[in-house]
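Chemist: Predicted model and sequence follow; I will ask about them next.
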Amino acid sequence: MSALAGRTALVTGAASGIGAAIAEAYAVAGARLALADRAAGDGLQAVADRCAAHGVPVVTVRADVAVEDDVARMVAAAEELGPLDVLVNNAGILTECHVAEMPTAMFDEMIAVNLRSVFLCCRAALPGMLDRGFGRIVNIASQVGQKGGAGLAHYAAAKAGVIGLTKSLAKEVGGRGVTVNCIAPGPIITPLGGDLSDEWTGPLLAGLPLKRFGQPGEVAPTAVLLASSPGGDLYTGQTLGPNSGDVML
């Protein structure tokens, strides 16, 4: 259970849901952890406490990953634990609105938080990874970025962008020891997913081959695999889908 022993990992959006589950799975696997979230309150500290109980160093950073200065400060805080080996871009938002009624500000916020942030975080983390010739970047996308969704065009656009960014960056840095991959979860029971209407989630549930939504802890093992060696060494530019069979590729 020490697949990530000696490695330093930064997980964004770590206060709840998939980010919290990945953080704890990384702690179990032995990683030093920097946990970031923009949310106020005790949620992030509670996750940090659970991770620290596994005997690994943990720091927390309050940061908005859509803000360039916050991202620089966040990565610097993570590197105080040691050279940054693993970056998990998990932070995101989810809103529902049809395009004909969508305010421009809603679209812009979605792109900033769910796509621009991935670019900012990757760009900030890459210099150290490239200098050392090693790095693992794991971007959390969504099956909606692969299939689209009525009322979720802005979210689908952002997540499809994450997948495209991932593939392109993987081509840029693969020869220098850095892998870049996506996880595109299906519907997962998280506070984020709770914002979707029954009109959207009802038909989705009925059409799933597994006939159930997933739990955050069922996504986290994929993030451990992609960050580990030798398990994750041959994956780059890939999109792995723990999605209850919603998208089959």
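Modeler: Thanks, I have the structure now.
Chemist: Who is the spatially closest residue to V59 that is not a sequence neighbour paired with across the strands?
Modeler: Nearest in space to V59, with sequence neighbours left out and distances taken as C-beta to C-beta, 6 or more residues apart in numbering, is A34 at 5.2 Å. All C-beta spots, glycine's among them, are computed from the backbone N, C-alpha and C. On the basis of DSSP bridges, A34 is bridged to L10, V59.
Chemist: my read: A34 touches G82, true?
Modeler: No: assessed by C-beta atoms under 8 Å, A34 is found out of contact with G82, at 9.9 Å.
Chemist: So between these two, which is more surrounded?
Modeler: A34 (29 against 13; other C-beta atoms under 10 Å).
Chemist: if we can go back for a sec, check contacts around the residue nearest to V59.
Modeler: A34 makes contact with 8-11, 58-61, 74, 77-78, 81, 84, according to C-beta atoms under 8 Å, 6 or more residues apart in numbering.
Chemist: where do the contact lists of A34 and G82 overlap?
Modeler: Common contacts of A34 and G82, defined by C-beta under 8 Å, 6+ apart, comprise T8.
Chemist: Run a quick neighbour tally on the residue lying closest to R7 once chain neighbours are set aside.
Modeler: Of all residues beyond its chain neighbours, the one nearest R7 is D85 (4.1 Å), with distances taken as C-beta to C-beta, 6+ apart. D85 has 22 neighbours, counted by other C-beta under 10 Å.
Chemist: got it, and D233?
Modeler: Per other C-beta under 10 Å, the neighbour tally for D233 reads 11.
Chemist: can you check T190 too?
Modeler: Number of residues near T190 (other C-beta under 10 Å) recorded here: 21.
Chemist: Three-state assignment for it, please.
Modeler: Following DSSP: H, G, I helix; E, B strand; the rest coil, T190 is assigned to coil.
Chemist: Same question for D49.
Modeler: Using three-state DSSP, the secondary structure recorded for D49 is helix.
Chemist: would the residue nearest to R7 count as being in a strand?
Modeler: Yes: looking at D85 with three-state DSSP, it is inside a strand.
Chemist: Quick check: it touching G135?
Modeler: Yes: the criterion here is C-beta under 8 Å, and D85 meets it with G135 at 6.4 Å.
Chemist: what sits up against the helix or strand of the chain with the lowest mean pLDDT?
Modeler: Across the helices and strands of the chain, mean confidence by mean pLDDT, DSSP states H and E is lowest for helix 198-207: a mean of 76. With contacts defined as C-beta under 8 Å, 6+ apart, helix 198-207 is touched by E96, G149, A150, G151, L152, P187, G193, K211, R212, F213, D246.
Chemist: so what's the residue nearest the centre of the chain up against?
Modeler: The centroid of the chain falls nearest to N90 when counting by C-alpha atoms, centre = their mean (2.2 Å). Counting by C-beta under 8 Å, 6+ apart, N90 makes contact with V11, T12, G13, A14, I18, G19, I22, I140.
Chemist: What's the local residue count around G17?
Modeler: Residues within reach of G17, counting by other C-beta under 10 Å, total 23.
Chemist: Strands along this protein, start to end?
Modeler: With DSSP state E as the criterion, the chain has strands at 8-12, 32-37, 58-62, 84-89, 135-140, 178-183, 239-240.
Chemist: Helices along this protein, start to end?
Modeler: Under the criterion DSSP state H, the chain contains helices at 17-28, 43-52, 68-79, 104-111, 117-132, 144-147, 153-173, 198-207, 220-227.
Chemist: out of these, which comes closest to A3?
Modeler: helix 220-227 (6.1 Å; C-beta to C-beta).
Chemist: State the mean pLDDT of that closest one.
Modeler: When pLDDT is averaged over helix 220-227, the result is 98.
Chemist: quick one on the thing from earlier: and the helices of the chain, which one's lowest on average pLDDT?
Modeler: helix 198-207 (a mean of 76).
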